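*Asks:* Sequence and computational prediction follow.
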Amino acid sequence: MLKKLTILCLFVAFRAGATCTDVMEGYKVHPETKWLTIEQLAKDLHGKAPMTVGFDIDDTVLFSSPGFYYWGKRFEKLDQNYFSNYDFWHAINNGSDEYNMPKRIGKKLIEFHKGRGDRILFITARWKTKVESVTKLLRETFSLPMEHPVIFTGSKVKKKLSKLTPILKNNVKIFYGDADNDILSAQGAKIRGIRIMRAPNSDDQPLPLVGGLGEEVLRDSMF
């Protein structure tokens, strides 16, 4: 039923020359969105040599709102600008992910790339802290060797293309992410950037315009 509503909404929006807002509650979808499935991706990559692929973490492979909500409430009482508080990020990077759920789409994509023999990197906009347990958790959650630790790009100085440098440095060929910064960083590196839909109940609001940057969007990737 959901797919029928999606197709109908996109058709109506396209005829009206407008952005579709009724696909699902809370989402806005560009009428010319380039939808993609894992099956289509597998066909695209069939016969191609193993490559390096990159993943954002929060709302891409992990539904991490529980951890951010918990620590956000605690730090909000101490510091209204807690996203610029090192202690907040230390808490986020050391234990909060134990309460976060892996997304089904994250598991499927990682299994697909593992099967191809691709090298998998995680690049996040979280701040880097002196110690972190994120690498270990991702390694165990997705059964990965994780020779390279998580790459943290966040800082007090917000950068529009914060993931561009590590994408280029590590020769990443495909990057998956839920945020505009993820897609723009991939486009800046001239590689394939694929949007993962953010869960509608994520604490990171408002939800981005799906397909708004001309990117491919993995269908049904909100969970």
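*Replies:* The structure has been received and is ready for your questions.
*Asks:* Name the helix or strand for the residue nearest to residue 128 when sequence neighbours are not counted, please.
*Replies:* Spatially, and ignoring its direct neighbours in sequence, residue 128 is nearest to residue 152 (3.6 Å; Cβ to Cβ, 6 or more residues apart in numbering). (Glycine included, C-beta is placed from N, CA and C.) For residue 152, the host element (DSSP states H and E) is strand 151-154.
*Asks:* which intervals of this structure have sub-threshold pLDDT?
*Replies:* For the chain, the stretches flagged by pLDDT under 70 are 1-25.
*Asks:* which stretches of the chain form helices?
*Replies:* Ranges of helices in the chain, per DSSP state H, are 2-16, 38-45, 65-76, 86-93, 104-116, 134-141, 164-169, 180-188.
*Asks:* can you list the domains in this protein?
*Replies:* 1-32, 38-65+101-218 (automatic domain parsing).
*Asks:* is it possible to export these to JSON lines including distance to residue 84?
*Replies:* Below are the domains of the chain laid out as JSON lines (distance: least, Cβ to Cβ, whole Å):
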{"stretch": "domain 1-32", "distance to residue 84": "27"}
{"stretch": "domain 38-65+101-218", "distance to residue 84": "5"}
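*Asks:* and those domains, which is most packed in?
*Replies:* domain 38-65+101-218 (a mean of 18; mean count of other Cβ atoms under 10 Å).
*Asks:* Quick check: end-to-end length of that one?
*Replies:* End-to-end distance for domain 38-65+101-218, by Cα to Cα, to the nearest Å: 8 Å.
*Asks:* swap in stretch 52-72?
*Replies:* Stretch 52-72 has an end-to-end distance of 33 Å (Cα to Cα).
*Asks:* and if you look at stretch 96-114?
*Replies:* Chord length of stretch 96-114, first to last residue, is 26 Å (Cα to Cα).
*Asks:* please begin residue numbering at 16 from this point
*Replies:* In the new count, where the first residue is 16, that last one comes out as stretch 111-129.
*Asks:* Figure out how far that stretch is from the centre of its chain.
*Replies:* Here the centre of stretch 111-129 is set off from its chain's centre by 11 Å, with Cα atoms, centre = their mean, to the nearest Å.
*Asks:* now stretch 222-233
*Replies:* With Cα atoms, centre = their mean, you get 12 Å for stretch 222-233.
*Asks:* and for that stretch, what are the contacting residues?
*Replies:* 34, 38, 41-45, 47-53, 56, 120, 124, 191, 193-195, 198-199, 201-202, 207-213, 215 (Cβ atoms under 8 Å, 6 or more residues apart in numbering).
*Asks:* Please repeat the previous calculation with a cut-off of 7 Å.
*Replies:* By Cβ atoms under 7 Å, 6 or more residues apart in numbering, the surrounding residues in contact with stretch 222-233 are 41-45, 47-51, 120, 194-195, 198-199, 208-213, 215.
*Asks:* and what of stretch 146-164?
*Replies:* With Cβ under 7 Å, 6+ apart, stretch 146-164 has contacts from 108, 109, 110, 112, 117, 122, 125, 135, 136, 137, 165.
*Asks:* Of the domains of the chain, which is nearest residue 97?
*Replies:* Checking the domains of the chain against residue 97 by Cβ to Cβ gives domain 53-80+116-233 as the closest, at 11.6 Å.
*Asks:* List the pairing partners of the biggest strand by length in the chain within its sheet, with orientation.
*Replies:* Taking DSSP state E as the criterion, the chain has its longest strand at strand 134-142. According to DSSP bridges, strand 134-142 forms sheet pairs with strand 67-70 (parallel), strand 166-169 (parallel).
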